Structures are given as structure tokens and as C-alpha cells.
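[1] A structural model of the following input is requested.
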Amino acid sequence: MASPPQDFTLIGLCDGDLDPNRHRSSYQTNKVGGHPDWLPGISRQCPRCGCCGAPLAHVVQVYCPLDASPSHRNLHLFACLRAECSGRAESWRALRSQALDARVTAATTATMPAPAQEAPLPLTAWCDAADDWGMEEGVGKSRCTLQTDGPALSEQDVSSGLQGLCLEESQEGVPVFRSFFIGVVEESDLRGEDDDLTRARELLRQYERREGVAAGQLCSSEGGDSGEKYEKTRARHGDAVFSRFMKKISWCPQQILRYCRGGKPLFISELSSNLDQMLSTCGSCGGSRTFELQLMPALVSMLQREDCSAELEFGTVLVYTCTNSCWTLGSGSTVEELCFVQMDPDQQLFK
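    Numbering: from 1, shown residues only. Down below sits the predicted model:
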């Protein structure tokens, strides 16, 4: 199994409304909101909040097959909209599902004999970058295989993995966000673009004037590991990590998602304890987890329901997945991954 180089980051951007009257999304659609599109053979699920037990809203769907794998692979992120659950990791759920390409093809043929109108992939869709996502151009199939020879799940493992999920439950009462396509650009390409950057630079200048220091002085070097050190110069609020966050996204403040499996996350505030101690092992195989993607502050204002304004608040939501992407061949259930939530210490900068 191979993954993109650690310095190879893909940036997710809003790429237009996903109107259900015009487009039909599928498990290969990268999108915000709407209802989840499960892989064929995967049981429909309605996850519930680990804090209050309320049904969760579907926030993001990402189609992310791994390099060197013949399996389709999806990540679905859900969140609780209740104010009392805001900012708590237990109010978020990240569910990973996989299926071999042959099984998906057979299921699709049997259940969808007349696919009238597939949702068109935007020019910047994740799946368009064949080299980026391990996809053959124009085919929509992954090139290689995930590990399917991992340890089988015991009844206890299955029970634990399904805790808090309501299978085949009615969608009535489940909050639904307005749906958007997610397009993608390589972060390295943003450095050579001048479009839509005036506002980003103005925000940065306002921040520097207010804090009395240049953001560049507070930014650590891009190299190094988890022990990276920051410059001694500190902003008045003392948060050098947030300053680095602002500097990093200043080239594209409208980014809603960052994807870099095996890479380094971009924290919005300083960690209270060692990250390795905070990361639990995979609940299915007991193996380690690796960073895969994170949601960004610009997404908050886009999460709207038809009957009310945005109800979800966060700074960034980081998702860590099983390093081996363990999977039981033929399984119809999902594997739960780890969400780590950081609230925004200066939300007004993104409004």
C-alpha cells in the first residue's frame, strides 16, 4: 500500500451547488452536506452523538482510494448540531468504508441498470487527478489493493464498532446540510496564482497590525518533526501556533479541506498534551493511526440548513485513520476512525 508523499497536500474548495434535481451524486462524489452515498454492499447507517445520543448531520463525504489498491474507499464525517456538544470529539464521527472494485461493479449493475444522469465531475474534482488519487484517467477504478489479510473481527469487535450507529434507520428527523461539490487544487499550485488573494493578504496585514508583529516571524520552519520549535517572538495573545496556521492558509483562506494522508496536520492552537498519547489505536486491528485530512474554518459558514443558518462551530477537525487501512473482505459495515476537534481561537478572522 502506498500513499502520497508527506509534503503533497491537496486543498478542497467549494465547487458549486449539488442540486439533487439536476445531479445524482454517488460514492465517488466528493461533497459537503446532503445525505451520505454509501458504497454498494455497505449498510446504510445513521450515526448518533456520543455525548447526547442525537442523530448526527452528514458534513463531508470524501472518495479517497489508496494507491496500490483495487478497492474503492470512502470517508464520511458526521457531527452533532447541539450547542452543548460543540467542540467535543465525541460529537463527531468519522466512518471509513471499502469494497473491492469487482463487488462494486456487480452491485451497481444489479441495482442501477439505468444510470440516467451521473453528477458531472468538476474540473477540480478529487477524482480527476488520476496520479493524485490512484485512479486510471476516465475509468474511475483504483489501480491496486488494500490489505485484506488482516485479523478477522470478533463478535465483540463488531459490536463495539457498531455502537452508536442505527442501521437502516429512517432518515426522518436527521438534520441535513445544503450540499456542495468539493473541488481540489494542489497546495503547491496556489503559490503561483494571484486570483482571490487580495483579501487573504489584507486579513494577514490586519492581524499583524493588531498583534504588533509580523506573522512570518512567528512561523516555524516547514521541516522538522513533532518537536518543531517556534521563534521566541510571540503575538500579544501568546499563540504562535495560531499565527503559523494563519500564515499557512493565507494563500487560500477559502479552503474548506486539506488532504495529506501520512502527512502533517495543521493545528490551529497549541496541544495540551503529547499528540501520540492522545491518538488511540485502531479499534478494528489495534494498529497505529495516521493523519489523513482536516476540515478548515471556511467550511463553517457553508454548513447551512434550509430552515436555519449555520449551527456548527469549529476551528479545525482532524481525522486520523488506520495506517494499514484494515478491512475485512466482504464486510458490509464501516470502520470508525478518530476525529480530533480544535475550536477557533479567533473566529472573526474568517468572517
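[2] tell me the domain ranges of the protein?
    Following the assignment in automatic domain parsing, the chain carries domains at 10-191+260-350, 198-250.
[3] lowest average pLDDT across those domains?
    Lowest mean pLDDT within these: domain 198-250, at a mean of 62.
[4] the strands in the stretch 251-351 of the chain, which residues?
    257-259, 289-295, 316-322, 335-342 (DSSP state E, counting those that start in this stretch).
[5] tell me which of those sits most buried.
    Each of the strands of the stretch 251-351 of the chain was scored by mean neighbour count; the highest is strand 257-259, a mean of 25, by mean count of other CB atoms under 10 Å. For every residue, glycine as well, the C-beta is placed using N, CA and C.
[6] give the contact list for residue 332.
    41-43 (CB atoms under 8 Å, 6 or more residues apart in numbering).
[7] tell me how far it lies from residue 38.
    10 Å (CB to CB, to the nearest Å).
[8] one more: residue 301?
    28 Å.
[9] which one of those two is surrounded by more residues?
    residue 38 (20 against 12; other CB atoms under 10 Å).
[10] not counting residues beside it along the chain, what's closest to the more buried one?
    Nearest residue to residue 38 in three dimensions, chain neighbours excluded: residue 44, at 5.8 Å (CB to CB, 6 or more residues apart in numbering).
[11] now do the phi/psi pair for that neighbour.
    Phi and psi for residue 44, reported as degrees, to the nearest 10, are phi -60, psi 140.
[12] neighbours of it, how many?
    12.
[13] what's the answer for residue 315, then?
    Neighbours around residue 315, by other CB under 10 Å: 22.
[14] go on, residue 255?
    With other CB under 10 Å as criterion, residue 255 counts 23.
[15] and what of residue 8?
    For residue 8, using other CB under 10 Å, the count is 16.
[16] which stretches in the protein count as strands?
    Using DSSP state E, the strands found in the chain span residues 10-17, 31-32, 45-47, 57-63, 71-79, 92-100, 165-167, 180-186, 257-259, 289-295, 316-322, 335-342.
[17] which one of the ones you listed lies nearest to residue 245?
    Proximity to residue 245 (CB to CB) singles out strand 316-322 among the strands of the chain, at 8.0 Å.
[18] parallel or antiparallel, list what pairs with the closest one.
    strand 289-295 (antiparallel), strand 335-342 (antiparallel) (DSSP bridges).
[19] ok so, going back, looking at the strands of the chain, which is closest to residue 270?
    strand 335-342 (9.6 Å).
[20] between that closest one and strand 92-100, how big is the angle?
    Orientation check (axes from the mean of the first three to the mean of the last three CA atoms, to 10 degrees): strand 335-342 against strand 92-100 gives 150 degrees.
[21] give me the contacts around strand 335-342.
    75, 77, 87-89, 91-97, 161, 267-269, 278-280, 282-284, 289, 292, 314-322, 326-327.
[22] buried ones among those?
    By neighbour count, with 16 or more other CB atoms under 10 Å, these hold 75, 77, 88-89, 91-97, 161, 267-269, 282-284, 289, 292, 314-322, 326-327 as buried.
[23] of all the strands of the chain, which one is nearest residue 241?
    strand 335-342 (9.5 Å).
[24] and stretch 293-306, what's buried?
    Quick answer for stretch 293-306 (16+ other CB under 10 Å): 293-300, 302-303.
[25] can I get those residues in CSV including distance to residue 57?
    Formatted as CSV, the buried residues of stretch 293-306 follow (distance: CB to CB, whole Å):
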residue, distance to residue 57
293, 18
294, 18
295, 13
296, 18
297, 18
298, 18
299, 13
300, 13
302, 13
303, 8
